[in-house]
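Enquirer: Turn this into a structure:
(one chain, ligands or ions: 1)
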Amino acid sequence: MAESQSVAPYGLRCDHRVRPLGIDEPAPLLSWRLASGRRGDAPAAYRVRVRAEDGERVWDTGEVADPGAVGARYQGRRLRPRTRYRWTVTVTGADGASAERESWFETGMMSPAEWTASWIAHDPSDLDVVDAPEEGALALTDHGLQPAVRLRRAFEVTAAPVRARLYVTARGLYEARVNGVRAGDAELAPGWTDYRDRIDYQVYDVTDLVRAGGNVLAVTIADGWWSGFVGFDPRRSGAHYGTFPQLLAELHLVHADGTSDIVATGGDWRSARSPIRYADLLMGECHDLRRETPGWDLPGGPGEEEDADVPASGRWRPVRVTGSDRSRLTASVAQPVRAVRELAARSVTRVGAERFLVDFGQNFAGRVRLTVRGLARGDRVVIRHGETLDDDGALYTANLRTAAATDVLIAAGPAETVFEPRFTYHGFRYAEVTGPSTLDAGGITGVVLHSDTPWAGGFTCSDPDVNRLYEAIGWGQRSNFVSVPTDCPQRDERLGWLADAQVFLPTACLNADVAAFFDGWLREVRGAQSPDGAFSNVAPRLAGVADDGAPGWGDAGVLVPWHLYRVYADERFLERNLDAMCAWVDHVHRNNPDLVWSRRVGPHFADWLAPAPTPRDVLATAYFAHSAELTSRAGEVVGEPEVAARYGALAGHIRKTFTERFVTPDGGIEGDTQTAYLLALAFDLLPPDLVPGAVRRLVELVREAGPGLTTGFLGVSLIAPVLDAHGHSDLAHALLRRTEPPSWLHPLRHGATTIWERWDGYTGERGFQAAAMNSFNHYALGSIGEWLYRGVAGLDQAPGSVGYREVLVRPRPGDLASAEASHESVRGTVATRWTRRDGMFHLQVTVPPGATATVHIPADDPGGVTESGVPVAEAAGVRIVGTEPGELRCRTASGEYRFTAELH
Ligand code: RAM
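Expert: Okay, the predicted model is just below:
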């Protein structure tokens, strides 16, 4: 087969991950991106072939003529558990040339019946519970903190296996080792799910770690979300799912002769308390290095024999078997949390005899790695974390509420010691280190943790402030995509709030490939739905935050799958969620038969933290209409015409009610707030004749405010897109560049490196907002990121398009000199770049193979626009589709285009 110079697949993924281990899905999606160096290239057909590792051909699609395809759902022979499958995709271009790429995926256990392991734990009566550190003024009513424990099992093999896989999870958090070497690089595994319903397990390839002779599988487990502190409810602050951590693991060894062995957790394991005196996600972690027992994770290490000389605290004993319920185990579908990058200390300042203040220059989620020497045995090093400094330059921790966020090291002696907590993370920019007599910048590093969703976007423009805003938005995403999308990483909260996720999702999807991450989280959203159809406010659901979903919060259960479908062109987002979407809309409808959503509104957060409150019924009813509409569209996509018709009709009725109840004949909306108009316009609630009046009033309100915004969490995500869609991108730019609060640039003027929870988290006049709710790392207000790509840089997809099949390029230069954005879409790279110089506008566009683009080129003289130096009318792959004053519109095939227009 001739390797083509034209269209070729790359970026092969299975269920949105690259070469995943542990696929439990019986029909995973095999997908690829497309690239080509030639303009106008398009795929004509694809062929996918899958073989099991023994060579058996399990699937061959044959040549499928489908120029739109960038993936195929597996429909071959039934996949076997714990098996590697190699697959190839061959893409044939319209020119007849073809190119092939190969990848693999490996199945997991696929069924609970495949497991043999039992849950094991260290005898909980041997766990000495300590009080959490006092910093943070804890009300420890229901539990204290307990040590992490170690569990181990020695085993012999006669010859090194040809393959070894560790299938492992915990009720709690685990870190597994084979012969002293860590298995994989997942952090905070198995991640947070509602453990009552689902517990994720992970799979690691440990073939290189198992050897002939004696081996040890050794695992440390800690409380984590299972039995540690989670959330903010003082009556239910911790131990939400259980009271002590437990482990379940199976090591599968496959030998050269085809036989296999399993080393599974069970009564033959031994356990001991670890030197980690406690480890908690909110409170922090304490390592007592005096209790370290080197070699505990190696063959022949402690634990093999009863050792009467070892103090009780470190004695190894038989584990307790706590059960064998494997029915809730599912392979994790998302990328794990990883230590993704490291930040050097920007400065280390001595602030006391043995006290230092470290600035990492960036607010983030993670922890520090500290190297110290010269400490006496028993000396303590205490590391406190904070997002900012108070007006006296001291670490500010009041906004952490009860989260102590304090790590402690107890030294064993003067030798150099490296300390990095394992089972906690904090949201911070600054660390205060008390204990060592010296500390320099080389001795401390910031370790950034987040769900390792591949970064897929970029944006820069000629305004450095806007670039800093973009960076802050990205850091908000990194800091809060930690196993689930959280509101904030620092205080005693860190919950998967639905509205925050919903408003930020479009930005998140442009920044990174979050398909697998949200696929995982949507299981929690569905799992948290009440029997009568109410989505929740947080997912995973948590006692204490268990009311019905509020308008805009619960609706995320509809909006999120819909948006993911549009970005990732994977219909399963709708198939898997459609029933839940219908149940949600039915629930709201059942309780509000008059179609004004005023009952069962949960804690009605309205337009949370908005400077101007929008009437609750207006906001709720707008969301009701929108959810009904999207449910209808979802029904249409997945081939449920009855659903499409029923919810489509309902949406129409709600829109009518909305207009009758809340809209005046000239397009004025009850409450007369920016958000009221934004919701009505964004969700298409108004009859066409009322739209101009509503837009006019919105524009007045924005102008009257400064121009400025008076929106909260919900309204803010709509303001720039709606203004832009109605011809007022100039105002969107004015809001973007505004520096007085409320604005995005105001926090940056006060040193922000992430997005704040509140527009006025800190002001020059008033100082800090109330500490009870003042996060400096909340991504919700960062939803403007979407418009940086779609508006400023002009990188978008057409309204009806799915998976960037129809790219829309419509830059909004404002008075900027340049901007550029790129996005690694499911189809391939989409990119725009424009500059404005000497009265000329240069626009470069990249369209992936198989896609087309509609390009709007701002031009004083639309007739004079050129592409790569020739008049557009003569350019290959370009067709003029419209000329308006100040703009030329054309359609392009795939490839790269360089337009030039006169623009003064
Ligand atoms: C706050 C959270 C979250 C928001 C809810 C309503 O506590 O920070 O961001 O969605 O309240």
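Enquirer: C-alpha from now on. contacts and neighbour counts both.
Expert: Noted.
Enquirer: can you count the residues close to G602?
Expert: Residues near G602, counting by other C-alpha atoms under 10 Å, number 18.
Enquirer: Likewise for the one 5 residues further on?
Expert: Residue neighbour count, defined by other C-alpha under 10 Å, stands at 24 for D607.
Enquirer: That one: what's it in contact with?
Expert: Residues in contact with D607, defined by C-alpha atoms under 8 Å, 6 or more residues apart in numbering, are P613, T614, L619, T675, T711, G712, F713, L714, G715.
Enquirer: swap in E342?
Expert: Applying C-alpha under 8 Å, 6+ apart, the residues contacting E342 are T445, G446, V447, V448.
Enquirer: who does the helix or strand where the second one lies touch, helix- and strand-wise?
Expert: Assigned by DSSP states H and E, G446 belongs to strand 444-451. Contact partners of strand 444-451 among helices and strands, from 3 or more C-alpha pairs under 8 Å, 6 or more residues apart in numbering; DSSP states H and E: strand 337-344, strand 355-372, helix 464-480, strand 481-482.
Enquirer: Tell me how many other residues crowd D208.
Expert: 12.
Enquirer: Is it possible to get the contacts of E342 out as CSV so that each row also shows pLDDT and distance to the ligand?
Expert: Output for these, formatted as CSV (pLDDT from 0 to 100; distance: C-alpha to the nearest ligand atom, whole Å):
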residue, pLDDT, distance to the ligand
T445, 98, 28
G446, 98, 25
V447, 98, 24
V448, 98, 21
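Enquirer: Compare those and tell me which has the most neighbours.
Expert: Neighbour-wise, those (other C-alpha under 10 Å) top out at G446, 27 neighbours.
Enquirer: Relative to T397, how far out is it?
Expert: 18 Å (C-alpha to C-alpha, to the nearest Å).
Enquirer: Also R328?
Expert: Distance from R328 to T397, by C-alpha to C-alpha: 38 Å.
Enquirer: Contact partners for the residue most central in space within the chain?
Expert: In the chain, the centroid-proximal residue (C-alpha atoms, centre = their mean) is F481; its distance is 3.7 Å. By C-alpha under 8 Å, 6+ apart, the contact list for F481 reads H450, S451.
Enquirer: mind checking pLDDT for it?
Expert: What the model reports for F481 is a pLDDT of 98.
Enquirer: Can you name the residues bridging to it?
Expert: P485 (DSSP bridges).
Enquirer: ok, and the closest non-adjacent residue to L217?
Expert: Spatial nearest neighbour of L217, chain neighbours left out: V178 (4.7 Å); criterion: C-alpha to C-alpha, 6 or more residues apart in numbering.
Enquirer: tell me which parts of the protein are close to the ligand?
Expert: With C-alpha under 6 Å from any ligand atom as the criterion, the chain comes near the ligand at residues D487, W497, A499, D500, F605.
Enquirer: Just confirm the fourth one is within a helix.
Expert: Okay, so that is D500. Yes: applying DSSP: H, G, I helix; E, B strand; the rest coil, one finds D500 inside a helix.
Enquirer: Could you work out the end-to-end span of stretch 535-551 for me?
Expert: 10 Å.
Enquirer: which of the residues in that stretch are buried?
Expert: 535-542, 545-551 (16 or more other C-alpha atoms under 10 Å).
Enquirer: can you tell me which of those residues are in helices?
Expert: Of the buried residues of stretch 535-551, none are assigned to helices by DSSP state H.
Enquirer: now, among these, which is nearest to L795?
Expert: Taking C-alpha to C-alpha as the measure, L795 lies nearest P551 of these, at 30.0 Å.
Enquirer: Name all residues that make contact with that closest one.
Expert: V601, G602, H604, F605, A606, L619, A620, Y623, F624.
Enquirer: Repeat the analysis, applying 6 Å as the threshold.
Expert: Counting by C-alpha atoms under 6 Å, 6 or more residues apart in numbering, P551 touches A620.
Enquirer: follow-up on the earlier one: let's see the ChimeraX selection covering just the buried ones among the residues of the chain next to the ligand.
Expert: In ChimeraX, a selection of the buried entries from the residues of the chain next to the ligand looks like this (16+ other C-alpha under 10 Å):
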select :487,497,499,500,605
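Enquirer: so which of the residues of the chain next to the ligand comes closest to W32?
Expert: The closest of the residues of the chain next to the ligand, once distances to W32 are taken by C-alpha to C-alpha, is D500, at 30.2 Å.
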